[in-house]
Structures are given as structure tokens and as C-alpha cells.
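Chemist: Sequence first, predicted model second:
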Amino acid sequence: MFPRPQVFHHRGFTLFWVGKLLTIMATLTQSVAIGWQVYSVARLTESIEQSSFYVGMVGLVQFLPLFVLALPAGESADRYDRRKILLVCSCLQLCTSIALVMESLQTKPSISTLFIIAGFFGVSRAFSGPAGSALAPMLVPKEILPNAVAWNTLSVQGGMVLGPWVGGALCAIAPVWAYVFSGSLYIIAIITCIVLLMMNINARAAHKSGKRLNMIKEGLEYLWTSKIVLGAISLDLFAVFLGGVTALLPVYARDILNIGADGFGLLRACPAIGGGIVTLILSVKPIRRYAGPWMLLSVVLYGIATTIFAVSQVLVVSMAMLVILGASDSISVFVRQSLVQIVTPDHMRGRVSAVSGLFISASNELGEFESGVAARLMGPVGAVIFGGLGSIAITALWAKIFPALRKADRLVAPEM
């Protein structure tokens, strides 16, 4: 028997970890199903390029609420009980699953209605991201924070492995079953939030309340002066914004590799498989030295793998590149999350996490929109090639303009 990891000796963190794993799995299952359903409905009347654009629009409608609400959400995470915020968000996510089930039961689902539901999905994520990121470090002693960050990332990767695979498999039957499955997981996640609320845990930041605008301004000023954190999250923003391929995987599965819904789920899971393996390693042996160079090199590898995937027409090669892509991305995710959760003071975590979450959402959801527009103009293969090479170029530029990130070495918690 392997000894239980030290972070799971803390019951609050264990409950949080389980809830987050289920939430990420539900979120990815639902996201995969929305993308596949929008593309399938659009292809009944539209070209590949136009249908690809519609898939990209799914990312845009999820990003807009995140963009508008990110700063208020971060301030809320630093003002209110973070457990209550997660509970409300989980309930809203359950409502989106129910709405998607009802829409999918229609004879011909409406793309416009799917977009509206995806927008409410973005609202819930705008508030749950900062609250969850800020809560996790409060559930363990600071000396094991690096391990907690790694295990927290592993829950994300675990959900990203299982969610897309299950979503793709259920889409092969009918998207409605993917939404039913997601809703069931959200119910369990709600239960974990309720139990966590019943525990005697201080889930509010230790700071004096102030005016909302002043608190938001204080958080932005801290982020601007912390060039290491700013460089890390902005690098992730632009690299993934350009290099993201997940939005176009329905196109590759259906019209380039010709592997259908089951194959789509497999492709969608490959990045998380690579990320999960690396994150599991990091949970046992976290990066403690040369954090900046590790992050820069990992983003370069991400761009190379993206470019090779773009031109591959061999399924095994395509899957391998996606695994490598996910593995390299998990390293940059670990460094970024470590910087946000370890280096940032507790009373600032909600606001800094909100900005970090906004950058991540811009790279993911807005990146999906960029991929859709690029695919409309250059075709799906050209769009992915452009993104992969762009990620490499951005990394070289960031290494020059953010020397503090390039020279970043140890990841250690600040003295409180």
C-alpha cells in the first residue's frame, strides 16, 4: 500500500479536491458536447469553414461573461466566504446542464439557444475560478503548498482526461446523455460544497474590508508590480490563445482524420493524458528550481507539438502530438499556479486569481474564437499551423521583455 499523500490528511482539502475533480470532469464533458452539437447542427446546412466559425463562437460567448465579471468576481472571493461562492456557482452550472438537456430534446436544437446557455455557463465559471483558486491554499499548511498546487492541478488534469473521453463517447449516442451525466456530477459537487460549509474552516481572506473599486485597484497594482506573476500569466494567455487546437478538434475528427464522435472524444482526451502523467510526477516531485526556464521551454515544446499536429494525417502521430502538447502545457500551468497561489499574499489571492483566470479564459475561450476565425480565413490546418508557430514566437519575445520570468528560480511561499 502506498502512503496517503500528506495533503489528504486535511479533510477540507480532500473534500475540495474531490469536488473540483467532479466539477472539471462535468465541465469538460459538457463543453465537448456543446462543441460537437453546434458543429453537427451547423454542418447540416453550412460549409466546414463556416461550421468551424460557429464552434469558435462557443468560446466567445463563454469568454464575454468572464471578461466582464472577472474583477468583481476576484473582489468577491477576497470579501466573502469562498465556499459559499463555489456552492452558488455549482448550482448555476447544474441549471445549465438541465437547460441543455431540454434544448437537446427538441427536434432541431437551436444554435442561438446553445450559445445563450453557454454564456450562463461562463458566468458561473467567472466566479468559481477565483474562489476555488483562493480557497485551496487555505486548506493546508503553507509548507506543503507546492504539493497541494500539484495535486490541485492533477484534479484538473484528471477531469480533463475523463471528461472529454466520456463526452465524446456519449455524443456518439446523443449529446443529451452527456448533459445528463454532467448534471449528475454537479449534484455530487454541490454535496461536497455543503459538507465543506459545515466544517469549521475560515474561508475568508484576512484583510480589512474596503470599497470595491479600491480593492480591485489594489489587486491590479500588485499584479502590475509583480513582473514574474504578470509575465507568467500573460505568456500563457498569448501562447495558448494562438496555439489552442481544442476548438478545431471536431473538424479534425469529422472531416480531416475521419474518426467520428468516438475518435473525437479520444483526441480531446489526449492532451489531458499527457498533462495528467506529468502532473502526477509533479505532485510527488514538484519543480523547485529554475521555474522560469522550465516554463519558457515548455511553451516552446507546446508550439512545436501544435505545428506537427496541424499537418499530420496519421491518427497515431496526431494523438502523440496532443499528448506531448498536454504534457508541456501542464508544466507551464504548474509554474503559473504556483506563482499565483504561493507567491501572492492570501488577502490578494482572489483578485490576482481572477486576473489569472481571465487570462486563462482569454487563452482558452477567446482562443477558440480566434481559431474559428482563423479557420474561416485560412482553413483549419492553416489556422493550427499559424497558432503553433505563433506560440514559439511569443515565447521568444516574452523571454526578452520579462527578464524576471526568465531568471525566476525557486518557488517558495512568502513569510506571512
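Modeler: Arrived safely.

Chemist: Give me the helices and strands touching the helix or strand residue 328 falls within, please.
Modeler: Secondary structure from DSSP states H and E places residue 328 in helix 315-338. Under the contact definition 3 or more C-beta pairs under 8 Å, 6 or more residues apart in numbering; DSSP states H and E, helix 315-338 sits against helix 145-173, helix 227-243, helix 260-284, helix 291-311. In this view, the C-beta of every residue, glycine as well, is placed from N, C-alpha and C.

Chemist: What are the buried residues along the second one?
Modeler: In terms of neighbour count (16 or more other C-beta atoms under 10 Å), helix 227-243 has its buried residues at 228-243.

Chemist: who are the neighbours in contact with residue 383?
Modeler: The contact partners of residue 383, by C-beta atoms under 8 Å, 6 or more residues apart in numbering, come to 248, 371, 374, 375, 377.

Chemist: Let's see the ChimeraX selection covering just the buried ones among these.
Modeler: Applying 16+ other C-beta under 10 Å to these leaves a buried subset, and the ChimeraX line that selects it is:
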select :248,371,374,375
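
Chemist: And the contacts of residue 383, which is the shakiest by pLDDT?
Modeler: Of all those, residue 371 carries the smallest pLDDT score, 74.

Chemist: Can you verify my assumption that that one contacts residue 58?
Modeler: No. Residue 371 is beyond contact range of residue 58, at 10.9 Å (criterion: C-beta atoms under 8 Å).

Chemist: which residues are common contacts for those two?
Modeler: Contacts common to residue 371 and residue 58, judged by C-beta under 8 Å, 6+ apart, are residue 247.

Chemist: Now do stretch 285-304, average pLDDT.
Modeler: Across stretch 285-304, the average pLDDT comes to 86.

Chemist: and it, C-alpha only, in PDB?
Modeler: Only the C-alpha atoms of stretch 285-304 are listed here, as PDB (Å, rounded to 0.1, in the frame of the first residue of the first chain):
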ATOM      1  CA  LYS A 285       8.400  15.800  -7.100                       C
ATOM      2  CA  PRO A 286       7.400  19.500  -7.700                       C
ATOM      3  CA  ILE A 287       9.500  21.900  -9.600                       C
ATOM      4  CA  ARG A 288      11.500  23.900  -7.000                       C
ATOM      5  CA  ARG A 289      14.400  25.300  -9.100                       C
ATOM      6  CA  TYR A 290      14.700  27.000 -12.500                       C
ATOM      7  CA  ALA A 291      10.900  27.700 -12.600                       C
ATOM      8  CA  GLY A 292      11.100  30.400 -15.300                       C
ATOM      9  CA  PRO A 293      13.300  28.400 -17.800                       C
ATOM     10  CA  TRP A 294      11.100  25.400 -17.200                       C
ATOM     11  CA  MET A 295       8.000  27.400 -18.200                       C
ATOM     12  CA  LEU A 296       9.600  29.000 -21.300                       C
ATOM     13  CA  LEU A 297      10.900  25.700 -22.600                       C
ATOM     14  CA  SER A 298       7.600  24.000 -22.000                       C
ATOM     15  CA  VAL A 299       5.700  26.600 -24.100                       C
ATOM     16  CA  VAL A 300       8.200  26.200 -26.900                       C
ATOM     17  CA  LEU A 301       7.500  22.500 -26.900                       C
ATOM     18  CA  TYR A 302       3.800  23.200 -26.900                       C
ATOM     19  CA  GLY A 303       4.200  25.200 -30.100                       C
ATOM     20  CA  ILE A 304       6.200  22.600 -31.800                       C
END
